[in-house]
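Novice: I'd like to go over a predicted model; first the sequence, then the structure.
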Amino acid sequence: MKIYYDTEFIEDGRTIDLISIGMVADDGRELYLVNQAIEDDEKLHDRICQHRWLMENVVPGLPLRQNRRTGDISYTLSSAGDGRGIFHLDRDDNRIVPLRYIRNAVREFIWATPDPELWAWYAAYDHVVYAQLFGCMINLPDGLPMFTCDLKQEAERLGNPRVPEQATGQHNALEDARHNRVIAKFLAEHAAKEG
């Protein structure tokens, strides 16, 4: 059974740190978790706050703290237009958990899937982030896939048809995983027509 997934992360060319992960199985099960360390680890939090693309595209889709009186979300971008800002996660949201919990939840999600196949769009970094949940690649528990199939590579193999665009929720790991499932269905239908 296929599992479509996506990760959001920050990388600097040497390290990759998970921000969030979303998974959607063909049987309808879903998993969405956010790494608590992106706020608890001051250096990691600062790196994200200084990363224009993440602040503009990923952070707004995270479960952010809301002022109960005013309704304002705890997310601010610099008025200098440099994309820098600050954010605070909603600590009451049960999807914000320690990395060890994410590791265990991902393992259990995959183990609950018969003959699991992982699929992602531009899957290389997603696979590294997934594998690093367990340490080195050789530490992946038995029953967890050692590779991720790439939807973009499949699209190229099929002549690069124009895949459906995602209407909303881009760069939210769960919304992206759901859309990966839409893309996979489209590509399978395209292959059947062409075949």
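Specialist: Nice, I can see it.
Novice: ok, how many other residues are close to Arg91?
Specialist: Neighbours of Arg91 under the rule other C-beta atoms under 10 Å: 10. No exception for glycine: its C-beta is placed from N, CA and C like everyone else's.
Novice: any idea how far it is from Gln36?
Specialist: Distance from Arg91 to Gln36, counting by C-beta to C-beta, to the nearest Å: 8 Å.
Novice: repeat for Pro114
Specialist: Per C-beta to C-beta, Pro114 is found 31 Å from Gln36.
Novice: who has more neighbours, the two?
Specialist: A direct count of neighbours by other C-beta under 10 Å for Pro114 and Gln36 places Gln36 higher, at 17 against 8.
Novice: Surely the more buried one touches Asp93?
Specialist: No - when contacts are counted by C-beta atoms under 8 Å, Gln36 is not listed as touching Asp93 (10.3 Å).
Novice: At which residues are the strands of this structure located?
Specialist: 2-11, 16-25, 30-35, 75-77, 85-87, 96-97, 117-120, 148-150 (DSSP state E).
Novice: Pull the contacting residues for Glu30.
Specialist: 22-24, 174, 177-178 (C-beta atoms under 8 Å, 6 or more residues apart in numbering).
Novice: What helices and strands are in contact with the helix or strand of the chain with the lowest mean pLDDT?
Specialist: Within the chain, confidence by mean pLDDT, DSSP states H and E is lowest for strand 75-77 among all helices and strands, at a mean of 76. Here strand 75-77 is seen to pack against strand 85-87 when contacts are counted using 3 or more C-beta pairs under 8 Å, 6 or more residues apart in numbering; DSSP states H and E.
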